[in-house]
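Asks: next comes the sequence, and after it the predicted model I'd like to discuss.
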Amino acid sequence: MKVIIVGGGWAGCAAAFAARKAGAEVLLVEKTDMLLGTGLVGGIMCNNGRFTALEEARAMGGTEFIAVIESVARHRAIDFPGHKHAMLYDVTKIEPAIRNFLIGCGINIKLQTRLTEVFAEDGFINGIVTANNEMLRGDVFVDTTGSAGPAKYCTRYGTGCAMCILRCPTFGPRVSLTSRAGLPEIRAGEGFPQFEAMSGSCKLEKNSLEPGIVKDLEQNGFLAIPLPPGLYKDELLGGKACQQYALTEYARNLIILDTGHAKLMTPFFPLETLRTLPGFANARYADPYSGGRGNSVRFMAMAYCNDALQVEGSNNLFCAGEKTGPLVGHTEAIVTGFLAGRNAVLLLSGKGLMVLPETTAAGDIIGFMHREMKQPEGLAKKYTFSGSVYFERMKQQNLYSTEVKEIHHRIRKADLYGIINDKVN
């Protein structure tokens, strides 16, 4: 059984892990020279309902995978505006840690391998072709190509290419496996409500900041520096992909998190203005390099899929992460990746596909998002365990908890405990 996963972000890495644990031969294809995609700049986990969701994933058998993330944690259980008990991982250390772990699991990784064509017939994908004219054949495929870019969309819907962590000019634009297979997608600008949005933060080089600021940041994990009223940026809040941070505090303060770099929680901040603030006279952006003007634009293309994450119109294609809908965050990508990876192997084995029950936070967010997306106003929203509309629902449904025993009991009750580690016969 061979599973090919296209896209090496958090969703792709989680899908690869789950498919390998289920007993398949796994090939993970990534167009750049590093795994994790936006996970290379994110660094935030366990904030608000993500604590619950990550514990559910751990209880379902994701312990080894999660332990790798925890091994490079810089801060644990910190609170910052609108968010509690967050873990911040080191974005400068996470990629080799995850890459080496996946290789150790026996997963084959092909970097700098960009999808160009897909061979499909009678509802089945038979193989893909890369920019190197290499044919890669598999039995089932998982699309985790994300929803950001290519650069022309950053120009059309944003402020132009900011040379973000995705580096489309260097490694080529994002290519959707779903689209190349001839399957319809939910695309921005094609009669749907506006759902595209800028990535939610920038990175500053620590060495470009005053030492006192860096010391306080590394000691506390975050800083909230009040802005003068003339620099309030309330108008930016609605355009952020990460609507869990669309709070007044983020418009009227510089909220900075320590993720190895100094993570500035805004999609952009004019450099000449930033340098007028005390301690920021020499500030410089690390990513995106045009962080004074803009950031990558996400949610450009999403797949039609069911709650088992099987893409409609194909008999052997699944998706995870942002391809499943306007789902925001690393934890969200990981839990959908685990589900898609396992279902890929269940399909190959002739078993029934797994749909996570809505008694779990992971199952509930997938089902709720897919129902909401059928309405125009629902498609325009963002769904995340850590805020916005879904976190409110999560609390209303009594799914949010920080009691580990309670969370693990919930997974046992659903007969899902350790399921990711169970080899599919």
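Replies: Noted; the coordinates are in hand.

Asks: so what are the domain limits for this protein?
Replies: Annotated domains of the chain cover 2-196+297-421, 197-287 [automatic domain parsing].

Asks: hey, which helix or strand in the protein has the poorest pLDDT?
Replies: The helix or strand with the lowest mean pLDDT-type score in the chain, counting by mean pLDDT, DSSP states H and E, is strand 197-198 (a mean of 82).

Asks: tell me the helices and strands packed up against that one.
Replies: When contacts are defined as 3 or more CB pairs under 8 Å, 6 or more residues apart in numbering; DSSP states H and E, strand 197-198 sits against strand 297-298. For the C-beta atoms, the positions are set from N, CA and C on the backbone; glycine is no exception.

Asks: what about the strand it packs on, distance to the chain center?
Replies: With CA atoms, centre = their mean, to the nearest Å as the basis, strand 297-298 stands 12 Å off its chain's centre.

Asks: tell me the strands beside the helix or strand following the least confident helix or strand of the chain, with direction?
Replies: Note on strand 197-198: by DSSP states H and E, the next helix or strand toward the C-terminus is strand 202-204. For strand 202-204, the paired strands and their directions (DSSP bridges) read strand 262-264 (antiparallel), strand 285-287 (antiparallel).

Asks: may I have stretch 415-422 as PDB, with CA atoms only?
Replies: Output of stretch 415-422 as PDB, limited to C-alpha atoms (Å, rounded to 0.1, in the frame of the first residue of the first chain):
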ATOM      1  CA  ASP A 415     -13.400   4.000  21.400                       C
ATOM      2  CA  LEU A 416     -10.600   6.000  19.800                       C
ATOM      3  CA  TYR A 417      -7.900   5.700  22.400                       C
ATOM      4  CA  GLY A 418      -4.600   5.000  20.700                       C
ATOM      5  CA  ILE A 419      -6.300   4.500  17.300                       C
ATOM      6  CA  ILE A 420      -3.500   6.200  15.300                       C
ATOM      7  CA  ASN A 421      -1.100   3.500  16.500                       C
ATOM      8  CA  ASP A 422      -3.300   0.600  15.400                       C
END
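
Asks: now for Leu136: which residues touch it?
Replies: For Leu136, the residues meeting the contact criterion (CB atoms under 8 Å, 6 or more residues apart in numbering) are Ile4, Leu27, Val29, Lys110, Gly127, Ile128, Val129, Thr130.

Asks: just the ones of those in strands?
Replies: Restricting these to those inside strands, with DSSP state E as the criterion, leaves Ile4, Leu27, Val29, Lys110, Gly127, Ile128, Val129, Thr130.

Asks: taking these, please make a ChimeraX selection of just the buried ones.
Replies: To isolate in ChimeraX the members of the ones in strands among the contacts of Leu136 that are buried, counting by 16 or more other CB atoms under 10 Å, one can use:
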select :4,27,29,110,128,130
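
Asks: arrange the ones in strands among the contacts of Leu136 in CSV, one row each, with pLDDT as further columns.
Replies: Conversion of these to CSV gives the following (pLDDT from 0 to 100):
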residue, pLDDT
Ile4, 98
Leu27, 98
Val29, 98
Lys110, 98
Gly127, 97
Ile128, 97
Val129, 97
Thr130, 97
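
Asks: would you turn the ones in strands among the contacts of Leu136 into CSV with distance to Val345?
Replies: What follows is the ones in strands among the contacts of Leu136, written out as CSV (distance: CB to CB, whole Å):
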residue, distance to Val345
Ile4, 12
Leu27, 14
Val29, 18
Lys110, 20
Gly127, 18
Ile128, 19
Val129, 24
Thr130, 23
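
Asks: and of the ones in strands among the contacts of Leu136, the nearest to Leu353?
Replies: Ile4 (18.1 Å; CB to CB).

Asks: ok, for that closest one, nearest residue in space, not its chain neighbours?
Replies: In space, Ile4 comes closest to Gly138 once its chain neighbours are excluded; the distance is 3.7 Å by CB to CB, 6 or more residues apart in numbering.
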